[in-house]
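S.K.: got a sequence here, can you model it:
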Amino acid sequence: MTLFSTRGLVKQFGSLRATDNVSIEVAPNEVHALIGPNGAGKSTLVNLISGMLPADGGSIVLDGVDLTGMPPHKRVRAGLSRCFQVTNLFKKATVLSNLMLAVQSHRGSSFLPLGRRDGEAELIERAVALAGRVGLGGELDRIAGSLPHGAQRQLDVALALAADPKLLLLDEPMAGMGPDESARMVELIQLLRRDMAILLIEHDMDAVFKLADRISVLVYGKVLASGNAEQIKSHPEVQAVYLGSEVEA
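M.R.: Numbering: from 1, shown residues only. Okay, the predicted model is just below:
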């Protein structure tokens, strides 16, 4: 069964075809990793999927809904949520305040028309639950900008989860992390996949091979290969253009 798909997705910048008839599928509760060298078109593809760029051809479908012409906010309502490469937080606000704002943005400006936001029990309860879900339950009163890098990324994931996504787009979640932080993020992704599908863009091949059910390799805007970890590791063209010495003998 397919939850999400792109079919023949094209994006042209002048004479450069950044994505060239890209077709991928993601099944429910699947982690599908998208890998490839710098300049392969991964960022363009993610921007097309999330609605940050308009497609010049092809289609994007999530759970039977055609997202292709939708603006980003409507894609979020349809079940698509994204974490960007650069963490996007209110860094001077607390973890709890960040999460309350995220929940509020998806559920309306206020549950109580004349009430204070910080007095809305349902809003606070949801924000606290999101913090606990990503391992930040003990950091609610911490200023977001004072968190270690890995914890800031965890908070960024929690903000995306406030939309109750069917498909979560994770754009290089392990970027800039040390080994311990990366291990925590891997554990978090393994937990999240119980409730949603995940499209993972990542350069950390150890993490990709641990997490991904399927991997698609993008090169020069085209899908060079798609398969499970062993199929990708043993693919001669993938080894030549991307993995090289990273693949263990």
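
S.K.: let me see the domain layout of the protein.
M.R.: Using automatic domain parsing, the domain ranges for the chain come out as 1-79+165-249, 91-163.

S.K.: lowest average pLDDT across these?
M.R.: Ranked on mean pLDDT, the bottom entry among the domains of the chain is domain 91-163, at a mean of 87.

S.K.: just the helices in this protein please.
M.R.: 42-50, 72-78, 95-107, 121-133, 149-161, 179-192, 205-211, 229-233, 236-238 (DSSP state H).

S.K.: can you put those in CSV and add mean neighbour count and distance to Thr19?
M.R.: Quick note: C-beta positions are derived from backbone N, CA and C, even for glycine. Output for those, formatted as CSV (neighbours: other CB atoms under 10 Å; distance: least, CB to CB, whole Å):
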stretch, mean neighbour count, distance to Thr19
helix 42-50, 22, 5
helix 72-78, 16, 17
helix 95-107, 20, 29
helix 121-133, 17, 33
helix 149-161, 22, 23
helix 179-192, 16, 25
helix 205-211, 18, 20
helix 229-233, 16, 20
helix 236-238, 14, 18
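
S.K.: of those, which is nearest Leu3?
M.R.: Closest to Leu3 of these, according to CB to CB: helix 72-78, at 11.9 Å.

S.K.: which residues sit against that closest one?
M.R.: 50-52, 62-63, 65, 67, 70, 106, 163, 165 (CB atoms under 8 Å, 6 or more residues apart in numbering).

S.K.: and the two most separated of the residues you listed?
M.R.: Met52 and Asp63 (20.5 Å).

S.K.: about what we covered before: and the domains of the chain as JSON lines, adding distance to Gln85?
M.R.: Shown next, in JSON lines, are those (distance: least, CB to CB, whole Å):
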{"stretch": "domain 1-79+165-249", "distance to Gln85": "5"}
{"stretch": "domain 91-163", "distance to Gln85": "10"}
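
S.K.: could I get the contacts of helix 72-78 as JSON lines with distance to Thr6?
M.R.: Formatted as JSON lines, the contacts of helix 72-78 follow (distance: CB to CB, whole Å):
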{"residue": "Ser50", "distance to Thr6": "12"}
{"residue": "Gly51", "distance to Thr6": "13"}
{"residue": "Met52", "distance to Thr6": "15"}
{"residue": "Leu62", "distance to Thr6": "10"}
{"residue": "Asp63", "distance to Thr6": "14"}
{"residue": "Val65", "distance to Thr6": "14"}
{"residue": "Leu67", "distance to Thr6": "10"}
{"residue": "Met70", "distance to Thr6": "14"}
{"residue": "His106", "distance to Thr6": "25"}
{"residue": "Ala163", "distance to Thr6": "20"}
{"residue": "Pro165", "distance to Thr6": "17"}
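
S.K.: just the ones of those in strands?
M.R.: Counting by DSSP state E, the contacts of helix 72-78 place 62, 65 in strands.

S.K.: which one of the contacts of helix 72-78 has the most neighbours?
M.R.: When neighbours are counted by other CB atoms under 10 Å, Leu67 leads those with 24 neighbours.

S.K.: burial check on the nearest residue to that one once chain neighbours are set aside, number of neighbours?
M.R.: Distances taken as CB to CB, 6 or more residues apart in numbering place Ile60 nearest to Leu67, at 4.5 Å, with adjacent residues excluded. Applying other CB under 10 Å, we find 22 residues neighbouring Ile60.
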